[in-house]
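**Q** fold the following, please.
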Amino acid sequence: MYYNPRFWSFLMICTFLYSCSFMPNELKTAEKLIEANPDSALYILKHITPTNYKSASNRALYGLLLMESLDKKQLSLEPDSLINFSIYYYENHPDGDRLATCYLYKGRQYKYAFQYEKAITCYLKALDVIKNKENYLLLGRINSDIADIYLYQCEYKLANGRYLEAYKYFNKAKFTTFAYYSLINIGKSFSQSKLYTKAQSYFNKVYIETKDSMVKGFAIQYIGINYYESKRMDSAIVYLRKSIYYPYTKSNRALRYYYLADLYYDLNLPDSATYYAQHAFNYEPDIRTKRECYRILTNCESSKGNIKEMNCYMAGYQDCSDSIRKIDAQTKGSVLETIHSTSEEVVKTKHWVWYLVVVILFITVLSILTYFQLQKRKKRELSETEEKHREQKEILRKDMMLKHRQVLLHKIEAIKTEQSAARKKLSLAEKEVLDKNIYDKLLHFNDTVFFFRQMDAILNNLVSKLKDRYPILSDREISWCCLYLLNIPSTDILLLLNYQVNTLNKMKQRLAIKLKLQNAFELSVFLNKILSED
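**A** Predicted coordinates:
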């Protein structure tokens, strides 16, 4: 067949005009009005029944236009079945700009529902579709939305980069208002990074240059917030109060009231703080603003002693905190973007997919095994350290007790040596009196309370342990235990306890029975065991 370029070009033009002629007039009108007059576009679309359209392309366009008009009016993007159908249609009937726009609004559905992982995925798909195209307005919107999520997730550097991209695209598209919003957002990222001076320069630029009262209100709002975050309270209160009188969108007035409330709370003005925190709830605060307002109200009511109101606000604060924890637990947008970029490369060479899966599984298993091994080793090392510490403590305790015993015995022997010349002239009874005086002097043996307290200090609380565990023991029996462990000579023990050898043996047998031992020979092991216990 002969190929005629003019014929085929003419045929394509006819086909395009034929398809356009079948687009309903109301859809054409809505599409033209949607950017400049979204109210009228939404009115038209609300009075259309999309199921009456036989053409799938018209139903797909209807769903896209409705989401776009709802979003421009800051209304809920519902029902999601419409945009889902539009995405399905444009995926199978390629139209780059419309498919990317569908992904944008599907992403916003997820973004407004705090499902950031799904939102980022949609935005990245949108960027893939219009890569290397010159739809600057759409590119600016997508980059700005991605930056919003990065900012929410505290990835300030990445947010700043995306906002800067959006700013460039909006300038190319000659959408000055959107460009100014991008500059404000860049300032926000610097402010949240605690680079307050740099942030202020962006806010001031917008404040000076813009003629739009809405944009100016935003600039004033964030100038006040920036002053507040940098602890310049006087300037903060001037700009925050000024921002209240400017137009606002969505939850921004609630944000202005919240910061005023927090500022007044910091200035110890709980009544003013309560007023503004309560009023913030009238302007659809986002979940973070709501939580912080509950925090301020809880603290204010606590300072006033209003326990019932405090508990009520505390419950609200806890509910918001639980929700925010779930939101913050989502995968970071930067991670998803990295995975997305990697996936694009993988798609080009499918055989790498299984390799990647195996590697990920291997790393996961290896990480789990490594983690458990490290935990096991850590427990073992901790156990060994504790055991070593106990052993060192026991050795130290034994050394101290041995030292006390040796010092005591040395003192006894030293005193007896000094008295050796005099003792030769004394009778047995006089020597016994002299020996008792030595023990009374060194151990205060005749003062039972003092003696037992001293023995607790020297013998690792032996007396207290015996009294707690075996209350039937007599003071004499406990005294014998102490003297025995101090290695006091048997003759001196008999003297101090006023026992004869056979009487002492009987006492030891009774003691063994009280301690539930087989016989008196087990007393030594038993007492040393108690001595070594913590």
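**Q** got a list of contacts for stretch 127-134?
**A** Outside of stretch 127-134, the residues within contact range by C-beta atoms under 8 Å, 6 or more residues apart in numbering are Gly96, Asp97, Leu99, Ala100, Tyr103, Leu138, Leu139, Ile142, Glu344. For glycine as for every other residue, the C-beta is placed from the backbone atoms N, C-alpha and C.
**Q** surely the fourth one is in contact with Ala126?
**A** Yes: taking C-beta atoms under 8 Å as the definition, Ala100 is a contact partner of Ala126 at 4.2 Å.
**Q** quick one: common contacting residues for these two?
**A** Leu138, Ile142.
**Q** report the buried members of the contacts of stretch 127-134.
**A** By neighbour count, with 16 or more other C-beta atoms under 10 Å, those hold Gly96, Leu99, Ala100, Tyr103, Leu138, Leu139, Ile142 as buried.
**Q** mean confidence score for the helix or strand harbouring Arg325?
**A** Per DSSP states H and E, Arg325 falls inside helix 307-328. Taken as a whole, helix 307-328 has an average pLDDT of 93.
**Q** in it, what's buried?
**A** In helix 307-328, counting by 16+ other C-beta under 10 Å, buried: Glu309, Met310, Tyr313, Met314, Gly316, Tyr317, Cys320.
**Q** repeat that for stretch 150-160.
**A** In stretch 150-160, counting by 16+ other C-beta under 10 Å, buried: Tyr150, Leu151, Tyr152, Gln153, Glu155, Tyr156, Leu158, Ala159, Asn160.
**Q** make CSV from these and add distance to Ser272 and secondary structure to it.
**A** What follows is those, written out as CSV (distance: C-beta to C-beta, whole Å; DSSP: H, G, I helix; E, B strand; the rest coil):
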residue, distance to Ser272, secondary structure
Tyr150, 34, helix
Leu151, 29, helix
Tyr152, 29, helix
Gln153, 33, coil
Glu155, 35, coil
Tyr156, 31, helix
Leu158, 38, helix
Ala159, 33, helix
Asn160, 34, helix
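**Q** would you turn the buried residues of helix 307-328 into CSV with distance to Ala119?
**A** Below are the buried residues of helix 307-328 laid out as CSV (distance: C-beta to C-beta, whole Å):
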residue, distance to Ala119
Glu309, 37
Met310, 36
Tyr313, 31
Met314, 31
Gly316, 26
Tyr317, 26
Cys320, 21
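**Q** what residue ranges in the stretch 301-450 of the chain score low on pLDDT?
**A** Where the stretch 301-450 of the chain drops to pLDDT under 70, the residues are 344-353, 394, 397-398.
**Q** recalculate using a threshold of 90.
**A** Where the stretch 301-450 of the chain drops to pLDDT under 90, the residues are 304-305, 328, 331-448.
**Q** secondary structure class for Ile488?
**A** coil (DSSP: H, G, I helix; E, B strand; the rest coil).
**Q** list the contacts of it.
**A** Neighbours of Ile488 in contact, by C-beta under 8 Å, 6+ apart: Leu409, Leu496.
**Q** gap between it and Phe450?
**A** Ile488 sits 17 Å away from Phe450, going by C-beta to C-beta, to the nearest Å.
**Q** could you do Leu434 as well?
**A** Leu434 is 21 Å from Phe450, by C-beta to C-beta.
**Q** contact partners for Tyr227?
**A** Residues counted as contacts of Tyr227 (C-beta under 8 Å, 6+ apart) are Met233, Ser235, Ala236, Tyr239.
**Q** out of those residues, who's nearest Val206?
**A** Tyr239 (13.2 Å; C-beta to C-beta).
**Q** where's the closest one, which helix or strand?
**A** Applying DSSP H and E, one finds Tyr239 within helix 233-243.
**Q** helices and strands around that helix, which ones?
**A** Packing partners of helix 233-243 (3 or more C-beta pairs under 8 Å, 6 or more residues apart in numbering; DSSP states H and E): helix 213-229, helix 252-266.
**Q** buried residues in that helix?
**A** In helix 233-243, counting by 16+ other C-beta under 10 Å, buried: Ala236, Ile237, Tyr239, Leu240, Ser243.
**Q** stretch 101-115 now?
**A** 101-111, 114-115.
**Q** equivalent analysis for stretch 418-433, please.
**A** In stretch 418-433, the ones that count as buried by 16+ other C-beta under 10 Å are Gln419, Lys431, Glu432.
**Q** before we move on, what about stretch 207-220?
**A** Neighbour counts over stretch 207-220 (16+ other C-beta under 10 Å) mark Tyr207, Thr210, Asp212, Met214, Val215, Lys216, Gly217, Phe218, Ala219, Ile220 as buried.
**Q** where does the first one land in three-state SS?
**A** Same thing as Tyr207. Per three-state DSSP, Tyr207 ends up helix.
**Q** ok, and the closest non-adjacent residue to it?
**A** Using C-beta to C-beta, 6 or more residues apart in numbering and skipping the chain neighbours, the partner closest in space to Tyr207 is Ala219 (4.0 Å).
**Q** host element of Leu382?
**A** helix 351-418.
**Q** which helices and strands does that helix pack with?
**A** Right, helix 351-418 is packed against helix 333-348, helix 428-443, helix 523-532 by 3+ C-beta pairs under 8 Å, 6+ apart.
**Q** just the buried residues of helix 307-328 now: which is nearest Lys514?
**A** Nearest member of the buried residues of helix 307-328 to Lys514, counting by C-beta to C-beta, is Met314, at 57.6 Å.
**Q** right, and that closest one touches Thr298 too?
**A** Yes: with contact defined as C-beta under 8 Å, Met314 and Thr298 form a contacting pair (4.9 Å).
**Q** show me which pair in the buried residues of helix 307-328 is furthest apart.
**A** The widest separation within the buried residues of helix 307-328 (C-beta to C-beta) is 16.9 Å, between Glu309 and Cys320.
**Q** for Gly187, which of the helices and strands packed on helix 233-243 is the nearest?
**A** So among the helices and strands packed on helix 233-243, helix 213-229 is nearest, using C-beta to C-beta, at 6.1 Å.
**Q** avg pLDDT for that closest one?
**A** 95.
**Q** got the angle for it vs helix 252-266?
**A** In terms of direction (axes from the mean of the first three to the mean of the last three C-alpha atoms, to 10 degrees), helix 213-229 departs from helix 252-266 by 20 degrees.
**Q** quick one: distance of helix 213-229 to the chain centre.
**A** Here the centre of helix 213-229 is set off from its chain's centre by 29 Å, with C-alpha atoms, centre = their mean, to the nearest Å.
**Q** buried residues in the helix or strand where Tyr62 lies?
**A** Take DSSP H and E as the rule and Tyr62 turns out to sit in helix 56-72. Neighbour-count burial for helix 56-72 flags 57-71 (criterion: 16+ other C-beta under 10 Å).
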